[in-house]
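Peer 1: need coordinates for the following:
(one chain, ligands or ions: 1)
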Amino acid sequence: MPNILRGSRVRRASKRANDFISSIGFDTPITKHVVSINMAHMLALYKSKEVTREVASSSLKFLSGLPAQLDLDRDTEDVHHMIEQEAIKAIGMDKAGYLNLGKSRNDQVATALRMETRARLLELSTALCKVQDSLALLIRRYGKLPMPGYTHLQHAQPITVAHHFQGYFEAVQRDLERAAQAYARVNLSPMGAAALAGTSIKIDREYVASLLGFEGLAENAMDAVSSRDFALETISVAAMAMVNLSRMAEEVILWSTSEFGFAEVADEFSATSSIMPQKKNPVVPETVRAKCGSVLGELTAAFTITKALPNSYNLDLQEVTPHLWRATDDALASAVLMAEVLSSLKLNPDRLLLSVRGDMSTATELANHLVKEQGVPFRQAHAIVGEIVRKSVENGSTLEETALKEMPSVSGRVTGRAVKIDKDQLRNVLDALKTLELTRTAGGANPHAVPRLLLKDSRSLKQNLSWIARARSSLKEADGRLRDQVSKTEGEVIR
Ligand code: ARG
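Peer 2: Below you'll find the model as predicted:
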């Protein structure tokens, strides 16, 4: 059949051209939203008497009769065309010919993208809550164990396992806050903007917005159809979350090496080698680490496509969509799996303890001790301890032995005053577990902080889950209202 939606201005497009400019290959995620938008728009047209009862009722009946999983026709330009075309075929031009009165694919696609994007932000947020839950579980299970803290991947100072994972918990908390803030900016309705200028057709934009679960309007019609910063912001949220997940993934991989031996990834998230029978490869964290690269690629692509676009709608905008889907798909799958990898991760307390014992990571505490107990300025204390460490490395003796032996002469050379240090005091100062307990500052690695951290984490988690639940239920309510209105209006003519 001739493509009636192509109108009369242009003749048939070449097949190659149509395939090239078609979005049908990535319209599936918005299909159900496009149906809802058509319903809400028709209800608005009917409410302001722009269409007759018959038109409204048959159009709504057609729309609500569409199967939930609509098969997309690969030969049409997009889902917007396809639905209108199917409607004309099914109920005739006299009724379906009004579906697009006062609306354009431009406001429709922007609206549908926002509806799908907000759903994806909620899913990603739920998965990030699961990551937080797994981190809290690790803190509960292993939190008080000492381990080496690293800078430059060199032993720096002793920390607790809780301290390590709490850092990630707080990073994920910021990811969740970013998702919530993005959600508020995404959740605004472009409908009624039409192509770019608004329309002379009477449409209550607020009414349409509320039927579709939006919190408000993307008001300026030009901005409503041409801006994709909501998509860029969402991909940014996904990218930032991925960077954090990739850091966790990298550490899980590192900790699973025989050199570290701190952790073992559960079998469900590992693979073996096709030739080396002993191998247990941490393939899920590896893939998370790699997917972060893919999402950063999507981010770059989406930003680059939209840069320097003139107002208002340009078909370039369509090209952003597949990047939005891929970035959010990858981030969601990564977060879901990382949550499972972390909650099933087994730590090896002996290896952690062994690694922090006699590793000289308490050298800073020895310098602090010289300041507090011996009145040595910190810079000189740093020099004294540095020299003792060097001697200890050179002689292959422990820091304790070297400090006992060399402290008077080294301090004498550095400060002009020989410092003597008591053996028991020295032993305490160099003991990782004891120095951990001396940590006083808020947010430090003191093991006594663990119960308070767990309390704080469970509060954050509860708040996060509750905004997600509120957002979900408000979308569900709106959808219920839409379905109600549709069935009421459908029914008006039947009798
Ligand atoms: N399929 C398009 C998209 O995804 C919407 C169509 C807008 N096309 C147009 N010629 N105004 O962005």
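Peer 1: how about the closest residue to the ligand within the stretch 201-350 of the chain, secondary structure?
Peer 2: Shortest the stretch 201-350 of the chain-to-the ligand distance, computed as C-beta to the nearest ligand atom: residue-wise this is residue 318, at 3.5 Å. Every residue, glycine included, has its C-beta placed from N, CA and C. Here residue 318 is recorded as helix under DSSP: H, G, I helix; E, B strand; the rest coil.
Peer 1: please apply the same query to residue 449.
Peer 2: The three-state assignment at residue 449 reads helix, by three-state DSSP.
Peer 1: where's the residue nearest to it when sequence neighbours are not counted, which helix or strand?
Peer 2: Once its chain neighbours are removed from consideration, residue 449 has its nearest residue in residue 162; the separation is 7.2 Å (C-beta to C-beta, 6 or more residues apart in numbering). When elements are assigned from DSSP states H and E, residue 162 belongs to helix 161-186.
Peer 1: who are the packing partners of that helix?
Peer 2: Secondary structure elements in contact with helix 161-186, counted by 3 or more C-beta pairs under 8 Å, 6 or more residues apart in numbering; DSSP states H and E, are helix 105-142, strand 146-151, helix 229-255, helix 450-494.
Peer 1: run the last query once more with 7 Å
Peer 2: The criterion is 3 or more C-beta pairs under 7 Å, 6 or more residues apart in numbering; DSSP states H and E, and the helices and strands that helix 161-186 contacts are helix 105-142, helix 229-255, helix 450-494.
Peer 1: the ligand: which of those helices is closest?
Peer 2: With distances scored as C-beta to the nearest ligand atom, the stretch of the helices and strands packed on helix 161-186 nearest to the ligand is helix 105-142 (3.8 Å).
Peer 1: next, the buried residues of the closest one.
Peer 2: By neighbour count, with 16 or more other C-beta atoms under 10 Å as the criterion, the buried positions of helix 105-142 are 105-140, 142.
Peer 1: repeat that for stretch 193-210.
Peer 2: For stretch 193-210, the neighbour count (16+ other C-beta under 10 Å) marks 193-196, 198-199, 201, 203, 205, 207-210 as buried.
Peer 1: rounded mean pLDDT for that stretch, please.
Peer 2: When pLDDT is averaged along stretch 193-210, the result is 98.
Peer 1: right, is that stretch up against the ligand?
Peer 2: No - applying C-beta under 6 Å from any ligand atom, one finds stretch 193-210 separated from the ligand by no less than 7.2 Å.
Peer 1: how about that stretch as PDB, C-alpha atoms only?
Peer 2: What follows is stretch 193-210, C-alpha atoms only, in PDB (Å, rounded to 0.1, in the frame of the first residue of the first chain):
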ATOM      1  CA  ALA A 193       5.100  21.200  22.200                       C
ATOM      2  CA  ALA A 194       4.100  19.700  18.800                       C
ATOM      3  CA  ALA A 195       6.800  20.100  16.200                       C
ATOM      4  CA  LEU A 196       8.500  23.100  17.800                       C
ATOM      5  CA  ALA A 197       6.100  26.000  18.200                       C
ATOM      6  CA  GLY A 198       3.100  24.700  20.100                       C
ATOM      7  CA  THR A 199      -0.200  24.500  18.400                       C
ATOM      8  CA  SER A 200      -3.500  26.300  17.800                       C
ATOM      9  CA  ILE A 201      -5.300  23.000  18.700                       C
ATOM     10  CA  LYS A 202      -6.600  23.200  22.300                       C
ATOM     11  CA  ILE A 203      -4.600  20.800  24.400                       C
ATOM     12  CA  ASP A 204      -4.300  20.900  28.200                       C
ATOM     13  CA  ARG A 205      -0.600  20.100  28.600                       C
ATOM     14  CA  GLU A 206      -0.900  19.700  32.300                       C
ATOM     15  CA  TYR A 207      -3.600  17.100  31.900                       C
ATOM     16  CA  VAL A 208      -1.600  15.100  29.400                       C
ATOM     17  CA  ALA A 209       1.500  15.300  31.600                       C
ATOM     18  CA  SER A 210      -0.400  14.100  34.700                       C
END
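Peer 1: between the helix holding residue 162 and helix 229-255, how big is the angle?
Peer 2: For helix 161-186 and helix 229-255, the angle between their directions (axes from the mean of the first three to the mean of the last three C-alpha atoms, to 10 degrees) works out to 160 degrees.
Peer 1: just checking, next helix/strand downstream of helix 161-186?
Peer 2: From helix 161-186, the next helix or strand downstream (DSSP H and E) is strand 188-189.
Peer 1: partner strands of that following strand, parallel or antiparallel?
Peer 2: Partner strands and pairing direction for strand 188-189 (DSSP bridges) are strand 216-217 (parallel).
Peer 1: ok, residue 169 - contacts?
Peer 2: The contact partners of residue 169, taken as C-beta atoms under 7 Å, 6 or more residues apart in numbering, are 132, 135-136, 457.
Peer 1: swap in 6 Å and give it another go.
Peer 2: Taking C-beta atoms under 6 Å, 6 or more residues apart in numbering as the definition of contact, the neighbours of residue 169 are 132, 135, 457.
Peer 1: check the last one and give its pLDDT.
Peer 2: At residue 457 the predicted local confidence, pLDDT, stands at 98.
Peer 1: list the contacts for it?
Peer 2: With contact taken as C-beta under 6 Å, 6+ apart, residue 457 is in contact with 136, 169.
Peer 1: between the contacts of residue 169, which sits nearest residue 474?
Peer 2: residue 132 (23.0 Å; C-beta to C-beta).
Peer 1: for the stretch 151-300 of the chain, give the residue positioned nearest to the ligand.
Peer 2: Of the residues in the stretch 151-300 of the chain, the one nearest the ligand is residue 195, at a distance of 7.2 Å by C-beta to the nearest ligand atom.
Peer 1: pretty sure residue 453 sits against residue 165.
Peer 2: No - no contact is recorded between residue 453 and residue 165 when judged using C-beta atoms under 6 Å, the distance being 9.3 Å.
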